[in-house]
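Engineer: coordinates for the following, if possible.
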Amino acid sequence: MAPRSVWKGQLRLSLVSIPVELYSAVDRGSAVSFRQIHAPSGKPVRHEKVVPGIGPVDADDIRKGYEVGEDDYVLLTDDDLAEVKLESRKTLELMQFVGACEIPPIYFDRPYYILPQDDLAEDAYRVVRDALQRTETVGLGQLAMRGKEHLVAVRPCDNALMLETLRYESEVRDAHDFFAKVSQKAADEEMVDVAAEIIGRKRKPFEADAFHDSYAEALRDLIDRRKGKRGGRVKVEDEGRGGSRPDNVVDLMSTLKQSLEKTGKGARGKASASKSSASKSTSKASTSKGSGSSGGSKGGASKARKSA
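Structural biologist: As a prediction, this is how the structure comes out:
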């Protein structure tokens, strides 16, 4: 079934208005979902709307209520909510522009694809796309959708535009409240060198298809077994991870060096940092300085953010 647009309206840049439509960029249909079942009868459990002291009620008698005091609510109907006039319900105006890498990742929420509604709209659409690419900026605006006005960011994506809803500042917890518990003391330099060497060898371009949801696959396998397609009971296999963890304290440097040695036998990253790391012997890894690897990683990260 073809995806449905979740919003239609105007994308506005100054005096230019472009008819566009929004599509969710996330497909949640592949997730494994469950229903609650009454085990003795095998029938699904229904959730009824119940009022204490009254019992089940009709859906037509239910209103949205905002609590203003104990057992005191302001009731609103759909017509009441429709009276709230917001221009952002039909128009997304790009009001401000920021550098493509200036928005901290914690603010990003959900991605959507923006498409022109017709061929006539595509000319202006491509102008906005190319202008954002040339200036390496992201457009900010507000969009009312699904009962909430969202802060959004519009940026180029391949040959089109992508919109990402952003969290408001009031929705983000202050990191200092949590990070203050972590010591600012620098880690052991020699251990950092070895860890940086491991990172350099494992570094390679991001490929999303290299990862998959192992838990969902295991759930489907379990369901198939229970349906009798494969028969037998589910057995958890030992993956050969060396049994239980020893009670004694593991030497961190020894473990890092073992990891480095193991990494050297496998495929190494394609980045320049990986190539320079590969030429070094394992015995010298503990004394080598990781400034080259970390610098390469930082440069690669900035390039990745820039391309994003």
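Engineer: what's in contact with stretch 165-181?
Structural biologist: 103, 106-110, 112, 140, 143, 150-153 (C-beta atoms under 8 Å, 6 or more residues apart in numbering). Just so you know, the C-beta spots here come from the backbone N, C-alpha and C atoms, and that holds for glycine as well.
Engineer: narrow those to those in strands?
Structural biologist: Secondary structure assignment by DSSP state E places 108, 109, 110, 112, 140, 143, 150, 151, 152, 153 of the contacts of stretch 165-181 in strands.
Engineer: leaving out chain neighbours, which residue sits closest to the second one?
Structural biologist: Just to be clear, that refers to residue 109. residue 165 (4.3 Å; C-beta to C-beta, 6 or more residues apart in numbering).
Engineer: could you do the first one as well?
Structural biologist: What sits nearest to residue 108 in space, not counting adjacent residues and going by C-beta to C-beta, 6+ apart, is residue 164, at 5.3 Å.
Engineer: how far does the helix or strand harbouring that neighbour sit from its chain's centre?
Structural biologist: Assigned by DSSP states H and E, residue 164 belongs to strand 160-166. Relative to its chain's centre, strand 160-166 lies at 13 Å (C-alpha atoms, centre = their mean, to the nearest Å).
Engineer: list the buried ones in that strand?
Structural biologist: 161, 162, 163, 164, 165, 166 (16 or more other C-beta atoms under 10 Å).
Engineer: farthest-apart pair in the residues you listed, please.
Structural biologist: 161 and 166 (15.6 Å; C-beta to C-beta).
Engineer: mind listing what residue 11 touches?
Structural biologist: Residue 11 sits in contact with 17, 18, 20, 92, 94, 114, 125, 128, 154, where contact means C-beta under 8 Å, 6+ apart.
Engineer: pLDDT below threshold where in the stretch 1-150 of the chain?
Structural biologist: 1, 30, 85 (pLDDT under 70).
Engineer: all helices of it, in order?
Structural biologist: 78-82, 119-135 (DSSP state H, counting those that start in this stretch).
Engineer: just give me the neighbour total for residue 124.
Structural biologist: 17 (other C-beta atoms under 10 Å).
Engineer: how is this protein partitioned into domains?
Structural biologist: 7-25+84-171, 186-206+253-291 (automatic domain parsing).
Engineer: of the ones you listed, which approaches residue 51 most closely?
Structural biologist: domain 7-25+84-171 (23.5 Å).
Engineer: in the contacts of residue 11, which residue is surrounded by the most others?
Structural biologist: Counting by other C-beta under 10 Å, top hit in these: residue 92 with 29 neighbours.
Engineer: quick one: it from residue 102, how far?
Structural biologist: 20 Å (C-beta to C-beta, to the nearest Å).
Engineer: where does the stretch 201-308 of the chain have low pLDDT?
Structural biologist: For the stretch 201-308 of the chain (pLDDT under 70), the answer is 229-250, 265-308.
Engineer: and residue 194, what's its pLDDT?
Structural biologist: Listed pLDDT for residue 194 reads 90.
Engineer: secondary structure of it: a strand, I assume?
Structural biologist: No - remark: residue 194 does not belong to a strand; assigned using DSSP: H, G, I helix; E, B strand; the rest coil, it is helix.
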